[in-house]
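1. whatever this is, show me its structure:
(chains A and B)
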Amino acid sequence: MTKRTQLKLATVNGTELIKIEQVVKTFSNAAGEFTALRGIDLTLNRGEFVAIIGKSGSGKSTLLNMLTGIDHPTAGKVLVDGIDIYAQSESKRSLWRGRNLGIVFQFFQLLPMLNLLENVMLPMDYVGMYDVDERPKRAMELLRMVGLEEQAQKLPRAASTGQQQSAAIARALSTDAPIIVADEPTGNLDSRSANHIIDLFTELSERGKTIVMVTHDSTMTQRTSRTVVISDGQLVNETIAQALPLLSQPLMKELSNKAEKINFAPNETIIRSKDPVQKFFMIISGKVDVVLHGRGKDDLTVSQLERNDFFGEIELMRGGKSVASVRAAEDTPVELLAISREDFYWLMGESPLTEKAIGNIVQKRLDEQKQADRRKRKRLFG
Amino acid sequence: MRPRWRKVLSDLIDNKARTLLVVLSIAVGVFAIGVIAGAYVIISEDMSVSYASNNPANIELRMDDFDEDFLNTIRKFDGIKEAEARRVFNIRARPLGKTQWTSIDVITIEDFEENEVNLLTPLSGKEIPLKNEILLEQDVLEKMDAAPGDTLEVQLRDDSIKTIYVAGIVQDSSTGAVDFLAPPLAYISTDTLRLFDQGELFNRVFATVETGQDDDAHINIVLSALKEKIEKNDYEVGRTFRSLTHQHPLETTINAVLGILMALGVLIVFLSSSLIANTLSALLTQHLRHIGVMKLIGGRDKIIFKMYLVLLVSFGVLALLIAVPAGGQGAYGLAQFIATMMGFSLLGYRIVPSAFIIQIMVGLLVPLVAGFMPVINGSRVTVQKAISGDLAGESSEQGEGGANRESRFEAIQFQATRILADRGIRIKRPLLISLRNTFRRRGRLILTLFTLTMGGATFISVFNVRVTLHEYVESVGNYFLADVTLDFDTPYRVSEIEQFAMQDPRVTYVEGWAFSGADILYPDGTTADNVSLLAPPAGSSLVDPLMVSGRWVQAGDKKKLTISEGIYDLYPNLQAGDYLPLKVNGKEESWEVVGIFKFINMEGILGYAPYDYISRDQNMANLSFSYRIVTEEHDRAYQEMMAEDLDAYFRDNGFHVQEATPGLSTLDSAAESLDILISFLLIMALLTAVVGSMGLAGTMSMNVLERTREIGIMRAIGATDIRIITMVLVEGLLIGIISFILGIFLAVPFTYGFSWIVSTAIFETPIDVVFTPMGYGIWAGLVILLSTLASVLPARSAARLTIREVLAYE
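-> Sure thing, here's the model as predicted:
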């Protein structure tokens, strides 16, 4: 790879790149109005590999259209790298998109009259990036990166679906856009090709690209750094989605509305041992320690819970008072999402799968506590 | 209404732009064929009836002055039904207060009320002029502004100017019809002759024959006998003309023109059907999913075929609703235009049943024939294919080896791109897209190119034909090379006129010519026709003949002549060196034809012999009535000025000038007639060009429609409005340019074909074809303009498509 054709990658990871503020999208047709997005707020950071998941018709592709500038929001703003993209005309937005976004479509959408190499070169032509002589070299470099060097002169229809999608990714990378947006990129691929594509995205994300991928396949979320769930045009709280993945999306959405956020300072007690437990907690950020009390100051931290973990379920499921104390870790404050006892019981009633899964976790945690208890007694009494 | 017919109805109504395109495509063809067929029938029917209704003379004799008594002799001649005498003389006239003189042939009619031959049709004002009043033939109005009630100034031989009152405007379908180059006509009664200083004698006979009025051979027999009788009475007959009662003298010309128009009309129908085939094929492609769904729920091929057949017929009926009334009006308008130009009247507006039937047949059959294959293919499509999503019917883009291989054509394209790139010529992808898009739908491209190329080739060749005809007329001007022709009422010595003329420093050269007439005889001694003999001095530089064979006249030639091609009508195998039986001054002689030259045959047969021989033969050695004068400059304005100046100069010096004519004006009426013909052809050429560009517009719309998804992708990866518009425009322009290149080649046989048809119709001889860059230049500009216009709307709608619309995520 020559110096000039080396991929320039985003360098400042973790800072805010895309900010969606109160975005509403309403479609009108003969049957009336339909609101696809209902006041979405979302912030995506540089270098994140984000999965947007949701059922068909949940609004995930509409959301993707909003952040790519493909469709126009009815209300709200979309800022990409500080630029309000809808303040531009459609034509200017196309140019902006060519420079700042690489889009990968479910059906690849390569132009049939151009071969793969030419398809990859096309965005460079449109946005006028790189010298004319540089473009074929860069396009070939990108095709090599996605493993299509040998197929460069093929027409799209002469390539396999996996190859077409790889070429589409190479095209999305051709203008070195910092953001890659993919709409169901694996939806039309066999599992081997799908894995290859996700590998590519992971690699790109590691190299600093921000990847936003829409998928309806929740298993894909295991490979992403972040998952955004959308249901009926609203975002589901990400903590709920991560902590209780077996909930149906409508339940997640409903629970998002019922839950409240609570903040604790470092070392502040959240649940006191032998007190009744009134809430079910999920950790948004920070860490909590689960502590068994001994005599005097001889406490034992049996476990430390992190982001997307939950607690309080043992007492709520089994009844009785708290068997241990839970407090914010010593070094960091903690932000929690709490739902009331009643809401927790309602939730367990609505989602037997979740109830069963939590039941298993309760059993596992109790076993851990018993063992910890035995270790503690052994230490105290020999 | 049953759901299937409701669907057909909604197919008609929902996409109004597409319906309009199909309906207009059909309507253009139906309209064109309706106009031409209707005009053809109206003219064919009315021309002969209208011409015959004026009781045209079968025989016209131009002869020495004669009186009423002699006319009675002619009237009593065996075979003559009616005979009328006229005095015809030339004057110069202008409306009072105007400066421009117009040359007019004044016809004196003995008795307007008793007039039975060559009847006049009154158009406005009085029907019969009183003393010192004049009726103008409508052609005069093309040369000067005059209306009944106006006063004209008339210049007489003695230079005196008289005024005369315009009593009315008339149409004379008969008198001038035979003479292509004759000046316009006017009519007076014998009472007015004195005003013009003319004696009450006649110099023309207009007669009808008793039987066989439509039998040229019979008329010729009567004419020959009559002429012989007249000449035995010591009257000299200058020229004779024959006409059939029910055949307008220009009927063959008009029919030839209508024939060309008909051919163009058929071409337009043909072109519009390719346009319809294109549009319907695209429509069926768009409807594949509908067809798939209909078949999925039980629709059989037959039902679907029937539904689309009804759709086609509906398109046809809608087109007929537009084209039939418009075509009827157009037909009458065209017929009226031609009738006015050719000087006859129509019998009135009417619907021509045959044209009506042709229109209905074309309107219904063309969409059925053009749409038959697309409909058959559409109705036979399998459900799987129809609903598989392969709606663009990319099969046409697929190679022979299967769906996934690039075709040979694509391979050539890629190879070409690579070769160019290897040589450092890199075509940018946006341009490459336009280039490759152009050739993606090859069937559609071929139909579009066919339509546009035919339109272009017709357009270009019409310009070539125009120049060819004008060049020919100009080359006929080689027989009229003098700048001014000065005719006197009495003969003057050539040296005297030369001396006087040369006193004007602007005059550089003078020639005195002699004239004679002769009858051409058949070998059996009967008169075949007459020939006008012009006698310039041998070696005259004022005639530059277009020789077909043999040589031009030389000094010392005796009883030798060169003769115009018209002689072939009488002696088809005549060659230079052959002898021709002539009757000169009543004596039968045998003249050697030393050469044959081209001329406008409609003007009759023309011959040239040396001045020395003819003038001596007429006992007029060194004398002449008619002089050819060459001046310093040769442009039209200079010639007109010199004609006026010389006219005044000679009159001032006591010469009896009859007329001074600027040389180039001789060909005016011929050139004007040609321009009328050319304007017809041009209208048809424009119509074919319009059909062609409609085809292109349809193709571009269909292409854009089918490529909306691709356009969405382009927008998604950075293509701005201008990029998208440029892409579509370049494709349209490319098609235009390809059609232009093809048109250049196709225009060659078209030009030869049109020129041959038109020249043989008008000049009765094939003429040399001339090519002009003008047609190519105008068509190049026009095709670029039309291609751009045809692509602008599709391009704009392409740029307006939002990506969401075309990619339709959810």
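2. going forward, measure contacts between C-alpha atoms and count neighbours the same way
-> Noted.
3. residues near residue A:145, how many?
-> Residue A:145 has 14 neighbouring residues, counting by other Cα atoms under 10 Å in any protein chain shown.
4. spatially, what comes nearest to it if we skip its sequence neighbours?
-> Distances taken as Cα to Cα, 6 or more residues apart in numbering or on different chains put residue A:170 closest to residue A:145, at 7.9 Å, once the chain neighbours are dropped.
5. check residue A:155 too.
-> Per Cα to Cα, 6+ apart, closest to residue A:155 is residue A:115, 4.2 Å.
6. I'd guessed that neighbour sits against residue A:159; true?
-> No: counting by Cα atoms under 8 Å, residue A:159 is not a contact partner of residue A:115; they are 9.8 Å apart.
7. about what we covered before: so who does the residue nearest to residue A:155 touch?
-> A:152, A:153, A:154, A:155, A:156 (Cα atoms under 8 Å, 6 or more residues apart in numbering or on different chains).
8. flag the shaky bits of the chain, pLDDT-wise.
-> Defaulting to chain A. When residues are selected by pLDDT under 70, those of chain A lie in A:1-14, A:294-298, A:379-382.
9. sorry, should have said chain B
-> Using pLDDT under 70, chain B drops low at B:157-159, B:177-182, B:386-406, B:601-603, B:665-673, B:676, B:801-810.
10. which residue would you name as the spatial centre of it?
-> Note on chain B: the residue nearest the mean C-alpha position is residue B:677, at 1.8 Å, using Cα atoms, centre = their mean.
11. is it true that that residue touches residue B:257?
-> Yes: contact criterion Cα under 8 Å: residue B:677 and residue B:257 qualify, at 7.3 Å.
12. packing partners for the helix or strand encompassing residue B:500?
-> In this assignment (DSSP states H and E), residue B:500 forms part of helix B:494-502. Using 3 or more Cα pairs under 8 Å, 6 or more residues apart in numbering or on different chains; DSSP states H and E as the contact test, the elements touching helix B:494-502 are strand B:507-521.
13. and the strand it packs on, what other elements does it pack with?
-> strand B:237-242, helix B:494-502, strand B:527-535, strand B:579-584, helix B:611-617, strand B:623-631.
14. quick one: contacts for residue 220?
-> Looking at chain A here, since you left the chain open. residue A:51.
15. hm, I was asking about chain B
-> By Cα under 8 Å, 6+ apart, the contact list for residue B:220 reads B:242, B:527, B:528.
16. buried ones among the residues you listed?
-> Buried members of those, scored by 16 or more other Cα atoms under 10 Å in any protein chain shown, are B:242, B:527, B:528.
17. the second one bridge partners, please.
-> By that I understand residue B:527. Applying DSSP bridges to residue B:527 gives these bridge partners: residue B:521.
18. measure it to residue B:164 for me?
-> Residue B:527 is 42 Å from residue B:164, where distance means Cα to Cα, to the nearest Å.
19. name the element the closest residue to residue A:49 other than its chain neighbours belongs to?
-> If the residues on either side of it in the chain are set aside, residue A:49 comes closest to residue A:211, at 4.6 Å by Cα to Cα, 6+ apart. If you go by DSSP H and E, residue A:211 is part of strand A:210-215.
20. for chain A, what's the nearest residue on the stretch 151-300 of chain B?
-> Closest contact between the stretch 151-300 of chain B and chain A, by Cα to the nearest Cα, is at residue B:285 (18.1 Å).
21. thought that residue was touching residue B:381?
-> No: using Cα under 8 Å, residue B:285 is not in contact with residue B:381; the gap is 10.2 Å.
22. more neighbours: which of these two?
-> Remark: of residue B:285 and residue B:381, residue B:285 carries more neighbours, 22 against 17, as counted by other Cα under 10 Å.
23. mind checking the SS state of the more buried one?
-> Three-state assignment for residue B:285 (DSSP: H, G, I helix; E, B strand; the rest coil): helix.
24. do the one 10 residues further on as well
-> Each residue gets one of three states, and residue B:295 gets helix by three-state DSSP.
25. just want the most central residue of chain A.
-> Within chain A, and using Cα atoms, centre = their mean, the residue nearest to the centre is residue A:227, at 2.0 Å.
26. ok, and the closest non-adjacent residue to that residue?
-> Closest to residue A:227 by Cα to Cα, 6+ apart is residue A:51, at 4.7 Å.
27. neighbours of residue B:10, how many?
-> Quick note: residue B:10 (other Cα under 10 Å) scores 12 neighbours.
28. same question, residue B:337
-> 14.
29. before we move on, the earlier item: count the neighbours of the residue nearest to residue A:49 for me.
-> Using other Cα under 10 Å, residue A:211 is surrounded by 28 other residues.
30. wait, isn't it in contact with residue A:185?
-> No: assessed by Cα under 8 Å, residue A:211 is found out of contact with residue A:185, at 11.7 Å.
31. and the residue of chain B found nearest chain A, what does it touch?
-> For chain B and chain A, the shortest gap (Cα to the nearest Cα) falls at residue B:718, measuring 3.7 Å. Residue B:718 sits next to A:94, A:95, A:96, A:97, A:98, A:99, A:123, A:126, A:127 when contact means Cα under 8 Å, 6+ apart.
32. list the contacts of stretch A:275-287.
-> For stretch A:275-287, contacts defined as Cα under 8 Å, 6+ apart pick out A:239-240, A:243, A:271, A:304-313, A:315-316, A:320-322, A:328-329, A:332-341, A:344.
33. good, wrapping up.
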